[in-house]
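A predicted structure for the sequence below; I have some questions about it.
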Amino acid sequence: MKIGLLGFGTVGSAFYALARECDQTEIARLLVLEKLPQVACEQTTDYADIVNDPAIDTVVELIGGLHPAYEFVTAALKAGKNVVTANKQLVCACYDELIALAEQNGVALRCTAAAGGGIPWLHSLARLTPCDRITAVSGIMNGTTNYILSAMTDQGTDYADNLREAQRLGYAEADPTADVEGYDARRKLVLSANIAFGVSIREEEVPCFGISGITAQDIAAFKRLGLVCKLIAHAELTVKGVAACVEPVLFPVSGQMAHVNGPDNLISLKAQRVGVQSFAGAGAGGFPTASNVLADCLEIMDGCAPFYVRERKPLSVQNDGLRQRYYVRTADGTDSRLLTVREAHALAATYKNNQQPFFMAAVAEE
Ligand code: HSE
């Protein structure tokens, strides 16, 4: 496989190293902003050199963000090149369009590294869909927030220091707002739900509440109650469509979730026949993520279908049915309330709009 590689950041440089060790892949050209003296392969600062090169059969996009990734990826698909990307923001925002382009042009689009870092999560969902009916996907889908929450819980360290450390270690997005506000987990959830359920739900419809407002006092209060806080993304099929949200959830300190530490993810599916299956491992970081990118390239070489699934039924997100107990902290103190997901997120939005202190976390059912 002759690859045009876009990007040489944390994941791009790790992929470059892995692809050069693999005897089935060759980095034919690397797109960079400025030529890198330490890189041996041919480099260009002009994407046209890659998209117009007939020898390149696959474009690996690891620059992230919407633009110019969108222009590069669509041009590659239209030029009849396979695309492998780890860009959840792009695939989530342009889901129907990108898959249709891959189908129309008879090429493959793969994004396994877009959810779960090094865990072959999306691949595993796709593998199960012809055999069973997946009814729920759920879990810790963001390494940065899990790293921050674990460190705050275990070492009593500060939110801001841990965020800086997650950035230094290469777990966080270029703009970590996407991590701490839950948008990154939401994109992974939408991709997971779309592939698992054969649907197309819109990112904007999924309510999302992150961890940027959490304090050391919240963590201490959870500890006194024997609870540990995790940022959880959850989606399930309902009679009305799909119920989905991203929010902090409190788990018993003795349970499995409480022991997922650092940048690890723990993601589960629930299916009618196989029941619950869980996948755990490195959810962020250069080499784990790059290994999923390389595995996608090798899957394409084996002659896979254009996308993981063929169905993309548009469905709306409906959260009225899910009612649960929430820990709520405002300037007046803390309390516990029974709320639907819709009510809880509306409450959070009110406090946010009024720029008043607020944190909430759902309490997991035992
Ligand atoms: N920023 C992401 C995370 C990277 O922390 O999970 C992996 O997708």
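Right, received. Where do you want to start?

mind checking how far Ala221 is from Thr157?
In this view, Ala221 and Thr157 are 17 Å apart by CB to CB, to the nearest Å. The C-beta positions use only the backbone N, C-alpha and C, and glycine is treated the same way.

check Glu299 too.
Taking CB to CB, one finds Glu299 at 40 Å from Thr157.

same question, Phe287
In terms of CB to CB, Phe287 sits 26 Å off from Thr157.

for whichever residue of the stretch 251-366 of the chain sits closest to the ligand, phi and psi?
Of all residues in the stretch 251-366 of the chain, Ala284 sits closest to the ligand, at 3.7 Å by CB to the nearest ligand atom. Ala284 adopts backbone torsions of phi -160, psi 170, taken as degrees, to the nearest 10.

now it, nearest residue through space, not along the chain?
Residue nearest to Ala284 in three dimensions, not counting chain neighbours: Gly143, with 3.0 Å by CB to CB, 6 or more residues apart in numbering.

Thr58 touches Lys2, doesn't it?
Yes. With contact defined as CB atoms under 8 Å, Thr58 reaches Lys2; the gap is 7.2 Å.

element containing the residue sitting nearest the centre point of the chain?
The centre of the chain sits closest to Lys188, judged by CA atoms, centre = their mean, with a distance of 3.2 Å. For Lys188, the host element (DSSP states H and E) is helix 183-197.

tell me the helices and strands packed up against the very next helix or strand once past that helix.
Using DSSP H and E, the helix or strand that follows helix 183-197 in sequence is strand 199-200. When contacts are defined as 3 or more CB pairs under 8 Å, 6 or more residues apart in numbering; DSSP states H and E, strand 199-200 sits against strand 313-314.

what comes up buried for the following helix or strand past the strand it packs on?
With elements assigned by DSSP H and E, the helix or strand that comes after strand 313-314 is strand 323-330. For strand 323-330, a neighbour-count test (16 or more other CB atoms under 10 Å) marks Gln324, Arg325, Tyr326, Tyr327, Val328, Arg329 as buried.

how many neighbours does the spatially closest residue to Phe15 that is not a sequence neighbour have?
Computed as CB to CB, 6+ apart, the closest residue to Phe15 that is not its neighbour in sequence is Ala290, at 3.9 Å. When neighbours are counted by other CB atoms under 10 Å, Ala290 registers 26.

so where does Ala290 fall, helix or strand?
Per DSSP H and E: helix 286-301 holds Ala290.

cool, and Leu338?
Counting by DSSP H and E, Leu338 is part of strand 333-340.

give me the buried positions along that strand.
Residues Leu339 are the ones in strand 333-340 that count as buried (16+ other CB under 10 Å).

which elements pack onto the very next helix or strand once past that strand?
Moving toward the C-terminus from strand 333-340, the next helix or strand (DSSP H and E) is helix 341-353. If you count contacts as 3+ CB pairs under 8 Å, 6+ apart, helix 341-353 packs onto strand 242-252, strand 323-330, strand 358-363.

how about those in CSV, adding distance to the ligand and mean pLDDT?
Below are those laid out as CSV (distance: least, CB to the nearest ligand atom, whole Å; pLDDT from 0 to 100):
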stretch, distance to the ligand, mean pLDDT
strand 242-252, 12, 98
strand 323-330, 24, 96
strand 358-363, 19, 98
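
can you show me the helices along this protein?
Secondary structure of the chain by DSSP state H: the helices cover 10-21, 48-51, 69-78, 88-93, 95-105, 121-128, 143-155, 159-168, 177-180, 183-197, 216-224, 286-301, 341-353.

right, so those helices: which one is the most enclosed?
helix 183-197 (a mean of 27; mean count of other CB atoms under 10 Å).

right, is it up against the ligand?
Yes. Applying CB under 6 Å from any ligand atom, one finds that helix 183-197 is in contact with the ligand at Asp184.

up against the ligand, what does the stretch 1-150 of the chain have?
The stretch 1-150 of the chain comes close to the ligand at residues Gly117, Asn142, Gly143, Thr144, as judged by CB under 6 Å from any ligand atom.

and Leu122, what does it touch?
Contacts of Leu122 were listed using CB atoms under 8 Å, 6 or more residues apart in numbering, and they are Cys111, Thr112, Ala114, Ala115, Gly116, Leu191, Ser192, Ile195, Tyr308.

just give me how far the helix holding Lys188 sits from the chain centre.
How far helix 183-197 lies from its chain's middle: 7 Å, per CA atoms, centre = their mean, to the nearest Å.

quick one, that helix and helix 95-105 angle?
50 degrees (axes from the mean of the first three to the mean of the last three CA atoms, to 10 degrees).

which other helices and strands does helix 183-197 contact?
Looks like helix 183-197 contacts helix 88-93, helix 95-105, helix 121-128, strand 134-140, strand 227-237, strand 242-252 (3+ CB pairs under 8 Å, 6+ apart).

of all the ones you listed, which lies closest to Phe279?
With CB to CB, the closest approach to Phe279 among these belongs to helix 121-128: 5.3 Å.

how far does the closest one sit from the chain's center?
Computed by CA atoms, centre = their mean, the chain-centroid distance of helix 121-128 equals 14 Å.
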